[in-house]
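**Student:** Sequence and computational prediction follow.
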Amino acid sequence: MARRLTTPLTREKLRDLRCGESVTITGTIYTARDAAHKRLVELARAGKPLPFDIRDATIYYVGPTPARPGTSIGSAGPTTSYRMDAYSPTLIALGETGMIGKGKRGPEVVEAMKQHGAVYFGAIGGAGALLARCVKKAEIVAYEDLGAEAVRRLEVEELPVVVVIDSQGRSLYETGRRDYLEHRREEP
């Protein structure tokens, strides 16, 4: 059974999560991809306020398709996370605690996560239409000129994710492979 988390995701809430654990997230999260991340980091480096409170915030790496009539968002599947690696350590240091995407993260991001108690969650690529059902409300809060890559505030309900890298830096990409290989050796 998945552990249920409600935003904001404080370091205390994330401390006991372990890589490989299934989680659902309910509450407010934000969307941003690489173009928006670049702008956010530029604001931070210039000492200007970000368009949303980054403390204990979760950012979903997604560029959703347009919403159909009667829906709050179109297909909302995760994008490849390494494109945010150049910017993530800065945002983590500012207080970001949760990231949702797909794929591996670089060592600088993992080190920032360990130092500041952040967690990286994986969402299922190719399941964007299903994940969109968890989005109850979506509104653009910054960078409308980026279209699908604008920063949005999402209200989500029971968004299913997996802890890929926990706040201690344990990675499912490493433990999963190790566990698989150990299991294969045990087979007759």
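**Tutor:** Cool, the structure landed. Predicted model, so just to flag it, every value in this text is computed and none were measured.
**Student:** check contacts around residue 94.
**Tutor:** 44, 50, 54-55 (C-beta atoms under 8 Å, 6 or more residues apart in numbering). From N, CA and C alone the C-beta is placed, and that goes for glycine too.
**Student:** Are any of those buried, and if so which?
**Tutor:** Buried members of the contacts of residue 94, counted by 16 or more other C-beta atoms under 10 Å: 44, 50, 54.
**Student:** ok, the first one - contacts?
**Tutor:** Under the criterion of C-beta under 8 Å, 6+ apart, the neighbours of residue 44 are 50, 90-91, 94.
**Student:** list the buried ones in stretch 46-58?
**Tutor:** 50-52, 54, 56-58.
**Student:** Mind checking which of the residues you listed are in strands?
**Tutor:** Judged by DSSP state E, strands contain the following of the buried residues of stretch 46-58: residue 58.
**Student:** any chance of the buried residues of stretch 46-58 in JSON lines, plus pLDDT?
**Tutor:** Converted to JSON lines, the buried residues of stretch 46-58 look like this (pLDDT from 0 to 100):
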{"residue": "50", "pLDDT": "97"}
{"residue": "51", "pLDDT": "97"}
{"residue": "52", "pLDDT": "97"}
{"residue": "54", "pLDDT": "97"}
{"residue": "56", "pLDDT": "98"}
{"residue": "57", "pLDDT": "98"}
{"residue": "58", "pLDDT": "98"}
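**Student:** Next, format the buried residues of stretch 46-58 as TSV and append distance to residue 136.
**Tutor:** As requested, these are exported to TSV (distance: C-beta to C-beta, whole Å):
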residue	distance to residue 136
50	24
51	21
52	18
54	22
56	20
57	18
58	15
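**Student:** closest to residue 103 among the buried residues of stretch 46-58?
**Tutor:** residue 58 (17.3 Å; C-beta to C-beta).
**Student:** Would you agree that closest one is in contact with residue 95?
**Tutor:** No - with contact defined as C-beta atoms under 8 Å, residue 58 does not reach residue 95; the gap is 11.2 Å.
**Student:** tell me the contacts of residue 106?
**Tutor:** 82, 85.
**Student:** For it, report the pLDDT, please.
**Tutor:** pLDDT, residue 106: 96.
**Student:** Repeat that for residue 165.
**Tutor:** pLDDT, residue 165: 97.
**Student:** pretty sure it contacts residue 172?
**Tutor:** Yes - with contact defined as C-beta under 8 Å, residue 165 and residue 172 form a contacting pair (7.2 Å).
**Student:** Neighbour count: those two, which is higher?
**Tutor:** residue 165 (26 against 20; other C-beta atoms under 10 Å).
**Student:** The more buried one bridge partners, please.
**Tutor:** Here residue 165 sits in beta bridges with residue 120, residue 171, going by DSSP bridges.
**Student:** what about it, distance to residue 18?
**Tutor:** Distance, residue 165 to residue 18, by C-beta to C-beta, to the nearest Å: 10 Å.
**Student:** Would you mind checking the average pLDDT for stretch 60-68?
**Tutor:** Mean per-residue pLDDT for stretch 60-68: 91.
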